[in-house]
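Engineer: sequence first, then the predicted structure:
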Amino acid sequence: MSAIVLFEEKQVRRAWNSHEQKWYFAIVDVIAVLTESDNPQVYWRVLKKRLADDGNQTVTKCNALKMTAADGRQRLTDVADTEQLLRLIQSIPSPKAEPFKLWLAKVGFERLEEIENPELAAKRMRQLYEQKGYSEEWIEKRMRGIAVRDELTDEWKKRGVREQREFAILTAEISKATFGMTPAEYKDFKALANPKTNLRDHMTDLELIFTMLGEASTTEIAKKRDARGFPANKKAARAGGAVAGSARRDLEKKSGRKVSTRGNFLALTRPAKKQAQLKPPK
């Protein structure tokens, strides 16, 4: 599981290793937070060489994982777990070192809590949306949509669909059949220029409902057909999306209004941005 968290308005990419039960953090993101360097990649290269020359084993143990870069592409990025980061922080002079250490401890503790009680993850996500200014009705649909999506991806995994690229292709098939647009085309339609922006966070209630219908229908069709492998599940995705697409067109005909809108929640989320950030514990 990968995610982005915020420390004092700056993004820190991370990935959860379920086998080791620990977070791995993008080192350049941590350096950007602590040093405010204009080029954290160069800072890290210089620091990495200096530590290696000094025989510091922390550097040699650092792994590289594919993470989403600023351009939206998956790129190999040096990562470190909490223990490695704490050692690295000692080599970076920064007044933010101590607050960041506390923040790291908080992030790790919350993840352990969520493993013990998965409902906590949903509760924290709900609180984040509330802080951003979304309505309770919208949040309820968004949370339900996440559950429907999780059920679908779990089904895909069982049926031999490979994650990342194949998931993205199948999702695009469902969206195209449901709305007549792939997710990328939908983001352009809504003028969402940032590649990291989550399209579903900018959907209206109706758009979320039809997204859920398309994905829930795909899950049921895949089960009914016992779809195995990517080609069979691609057909199921098109069929599931077609169910939602037919329902959407029927509603539009009877209501006289389009379900897909160009509206987004950028104006809503920006004023509340600071309230939604994860601050280090005091």
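Structural biologist: Perfect, I can see it now.

Engineer: switch to C-alpha atoms for all contacts and neighbour counts from now on
Structural biologist: OK.

Engineer: now residue 97: how far from residue 260?
Structural biologist: 46 Å (Cα to Cα, to the nearest Å).

Engineer: poorly predicted segments of the protein, please.
Structural biologist: The chain contains residues with pLDDT under 70 at 1-6, 8-9, 58-60, 71-72, 106-124, 268-282.

Engineer: mind listing the helices for it?
Structural biologist: All helices of the chain, identified by DSSP state H, fall at 27-35, 40-53, 57-60, 82-89, 97-116, 119-132, 136-158, 165-179, 183-189, 205-225, 229-255, 266-269, 273-276.

Engineer: give me the helices and strands touching the first one, please.
Structural biologist: With contacts taken as 3 or more Cα pairs under 8 Å, 6 or more residues apart in numbering; DSSP states H and E, helix 27-35 sits against strand 10-17, helix 40-53, strand 74-81.

Engineer: coming back round to it: can you tell which of the helices of the chain is closest to residue 198?
Structural biologist: helix 183-189 (8.9 Å; Cα to Cα).

Engineer: next one: the closest one to chain centre, how far?
Structural biologist: 17 Å (Cα atoms, centre = their mean, to the nearest Å).

Engineer: what's it packed up against?
Structural biologist: Using 3+ Cα pairs under 8 Å, 6+ apart, helix 183-189 sits against helix 165-179.

Engineer: list the buried residues of stretch 151-165.
Structural biologist: Neighbour-count burial for stretch 151-165, counted by 16 or more other Cα atoms under 10 Å, picks out 152, 153, 155, 156, 159, 161.

Engineer: so can I have TSV of the helices of the chain showing distance to residue 196?
Structural biologist: Listed next are these as TSV, based on distance: least, Cα to Cα, whole Å:
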stretch	distance to residue 196
helix 27-35	15
helix 40-53	20
helix 57-60	29
helix 82-89	25
helix 97-116	21
helix 119-132	17
helix 136-158	17
helix 165-179	15
helix 183-189	11
helix 205-225	19
helix 229-255	24
helix 266-269	13
helix 273-276	15
